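*Asks:* Sequence unavailable; structure follows:
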């Protein structure tokens, strides 16, 4: 079956430092990967949509300078949170669609900033 | 723009009760509609999705029917169990199979034994 793995599951970083998180699709080809942040209030914010061999599209309030994304092949994507501050904390999720329009998510990377 | 509305923020039931969580959407055309369940500390898990008018999705005893006339995709389960306690999200995706979803605010279901 289709699975999405995210690593690490949890991370703590000091304010002003950066951390990188990874997303791996297993059992299907992730032509597109969508990165989200789920706030402590549980709402989902779309950060960016990454499609292999296409430009990455960032949503309003999110930039490549802050959240650079790499999507080098059909099974892997990574995103870095640069200069993390308190407002960047939350659960970062990657979601990828399969060929039949199902969208699977990983278990997320929980970022704590201290 | 496209949107999803879940009217119930929290639902409290007893085991074997009937569950309904309402979901209405606003979008052009025929978006794909989804129900996800999220347990504490986990990412959202796909319950099922539907892509056409009158299509019914179902999984684990949960079901919902795509209704373009009322722009609804209400989640139902005939008899809930304590293990169903979680947060449920209705979502939609627009044109293109990209993984870009618009989520509702979620409904927290608490089932008492």
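*Replies:* Okay, I see it. This one's a predicted model, so the numbers in the text were calculated from it and none came from an experiment.
*Asks:* Quick check: residues of chain B near chain A?
*Replies:* Within chain B, the residues that sit near chain A (C-beta under 8 Å from any C-beta of the partner chain) are B:32, B:34, B:36, B:41-46, B:49, B:51, B:87, B:89, B:93, B:97-101, B:103, B:105-106. All C-beta atoms are positioned from the backbone trio N, CA, C, and that covers glycine.
*Asks:* same thing but at 6 Å, please
*Replies:* With C-beta under 6 Å from any C-beta of the partner chain as the criterion, chain B meets chain A at residues B:32, B:42-44, B:46, B:49, B:97-100, B:103, B:106.
*Asks:* in chain B, which spans are strands?
*Replies:* B:3-6, B:10-14, B:19-21, B:23-26, B:32-38, B:45-50, B:56-59, B:62-65, B:75-77, B:86-93, B:102-103, B:107-112 (DSSP state E).
*Asks:* Please identify the deepest-packed of these.
*Replies:* Stretch with highest mean neighbour count among these: strand B:32-38 (a mean of 24; mean count of other C-beta atoms under 10 Å in any protein chain shown).
*Asks:* from the middle of its chain, how far away would that one be?
*Replies:* 5 Å (C-alpha atoms, centre = their mean, to the nearest Å).
*Asks:* which helices and strands sit right next to it?
*Replies:* Contact analysis of strand B:32-38 by 3 or more C-beta pairs under 6 Å, 6 or more residues apart in numbering or on different chains; DSSP states H and E lists strand B:45-50, strand B:86-93 as its packing neighbours.
*Asks:* Contact distance from chain B - what residues of chain A qualify?
*Replies:* A:32, A:34, A:42, A:44, A:49, A:93, A:95-97, A:101-103, A:105-108.
*Asks:* Of those, grab the buried ones for PyMOL.
*Replies:* To isolate the buried members of those in PyMOL, using 16 or more other C-beta atoms under 10 Å in any protein chain shown:
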select buried, chain A and resi 32+34+44+49+93+95+96+97+102+103+105+106+107+108
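*Asks:* Specify which member of the residues of chain A next to chain B is nearest to residue B:78.
*Replies:* In terms of C-beta to C-beta, no member of the residues of chain A next to chain B lies closer to residue B:78 than residue A:102, at 24.3 Å.
*Asks:* Can you give me the end-to-end span of stretch B:44-63?
*Replies:* 17 Å (C-alpha to C-alpha, to the nearest Å).
*Asks:* Which of the strands of chain B sits closest to residue A:63?
*Replies:* Of all the strands of chain B, it is strand B:102-103 that lies closest to residue A:63, at 21.1 Å by C-beta to C-beta.
*Asks:* Tell me the helices and strands packed up against that closest one.
*Replies:* Counting by 3+ C-beta pairs under 6 Å, 6+ apart, strand B:102-103 packs on strand B:86-93.
*Asks:* what is the rounded mean pLDDT of the strand it packs on?
*Replies:* For strand B:86-93, mean pLDDT rounds to 96.
*Asks:* angle of it against strand B:32-38?
*Replies:* Relative orientation of strand B:86-93 and strand B:32-38, computed by axes from the mean of the first three to the mean of the last three C-alpha atoms, to 10 degrees: 160 degrees.
*Asks:* Measure how far strand B:86-93 is from the centre of its chain, please.
*Replies:* With C-alpha atoms, centre = their mean, you get 5 Å for strand B:86-93.
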